[in-house]
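Asker: Give the three-dimensional model of this entry:
(2 chains)
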Amino acid sequence: AQSVTQLDSHVSVSEGTPVLLRCNYSSSYSPSLFWYVQHPNKGLQLLLKYTSAATLVKGINGFEAEFKKSETSFHLTKPSAHMSDAAEYFCVVSERGRGSYIPTFGRGTSLIVHP
Amino acid sequence: DGGITQSPKYLFRKEGQNVTLSCEQNLNHDAMYWYRQDPGQGLRLIYYSQIVNDFQKGDIAEGYSVSREKKESFPLTVTSAQKNPTAFYLCASSIRQEGVEAFFGQGTRLTVV
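Answerer: All right, here's what the predicted structure looks like:
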């Protein structure tokens, strides 16, 4: 069975400083992993995805994530935070189960960016 | 433009009434999903459908029902049996393939008073 643990419910950074949002996963098979972003009262937008190709994945808006199988982690980083990055971020794992590839979500990390 | 449309954006209902949330997609995706979002709990799967006329219960299906009569439509009914229906509901769709992301609608915020 698959599951995702986002290690921080809130992360607070100053504008211009690095961002680190942590995610650990559990999967019986080789998983696909995703990061989504959600602004208040909106749907979810895909930031990036890992699907067994390069372990360092680059996404939109300067975000990237590194897949580390030995640590079962898929942490999201950005070198320099911008005010517009303030949002809710979800780590998602997807593996074949129940006959389909069903996304399973972490509980989310709220990123707060201070001026 | 291709995408997923959820309507309405905001919905108010009295306790004890059934209510149906609409989800339509023009992406030609086979799989569709309904999630419920509550603060601090992430997204929890209510129902999913892989193909027309077939759907499966997710992790929190009690008090909900769905239908999938057309490929592009997957409406969710919140019944009076759902004990705590006030939440943000998100619909998603995807193709049935490994490593492919799901696309999301803009959500419906349901408030039961």
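
Asker: Can you verify my assumption that residue A:37 contacts residue A:88?
Answerer: Yes. Counting by Cβ atoms under 8 Å, residue A:88 is a contact partner of residue A:37 at 7.3 Å. In short, each C-beta sits where N, CA and C put it, glycine included.

Asker: And residue A:22, how far from residue A:12?
Answerer: Plainly put, residue A:22 is 14 Å away from residue A:12 if you go by Cβ to Cβ, to the nearest Å.

Asker: who's more crowded, the two?
Answerer: residue A:22 (17 against 11; other Cβ atoms under 10 Å in any protein chain shown).

Asker: residue contacts, the closest residue in space to that one that isn't next to it in sequence?
Answerer: Nearest-residue entry for residue A:22: residue A:7, 4.1 Å, with adjacent residues in sequence omitted and distances by Cβ to Cβ, 6 or more residues apart in numbering or on different chains. Shown in contact with residue A:7 (Cβ atoms under 8 Å, 6 or more residues apart in numbering or on different chains): A:22-24.

Asker: redo that, cut-off 10 Å
Answerer: A:20-24, A:73, A:75, A:91, A:106, A:109 (Cβ atoms under 10 Å, 6 or more residues apart in numbering or on different chains).

Asker: So which of the residues you listed sit within helices?
Answerer: With helices taken from DSSP state H, there is no overlap with the contacts of residue A:7.

Asker: buried subset of those?
Answerer: A:21-24, A:73, A:75, A:91, A:106, A:109 (16 or more other Cβ atoms under 10 Å in any protein chain shown).

Asker: For burial, what's the neighbour tally of residue B:63?
Answerer: 15.

Asker: all helices of the chain, in order?
Answerer: Picked chain A for this. Counting by DSSP H, chain A contains no helices.

Asker: Output the lowest mean pLDDT helix or strand found in it.
Answerer: Across the helices and strands of chain A, mean pLDDT, DSSP states H and E gives its lowest value to strand A:100-105, namely a mean of 84.

Asker: For the residue of chain B at minimum distance from chain A, what are phi and psi?
Answerer: As assessed by Cβ to the nearest Cβ, chain A sits closest to residue B:99 within chain B, at 3.3 Å. Phi and psi for residue B:99, reported as degrees, to the nearest 10, are phi 80, psi 10.

Asker: tell me the contacts of the closest residue to it other than its chain neighbours?
Answerer: Take residue B:99 and drop its neighbours on the chain: the residue closest to it by Cβ to Cβ, 6+ apart is residue A:51, 3.3 Å away. Listed by Cβ under 10 Å, 6+ apart, the contact set of residue A:51 reads A:30-34, A:57, A:67, A:94, B:98-101.
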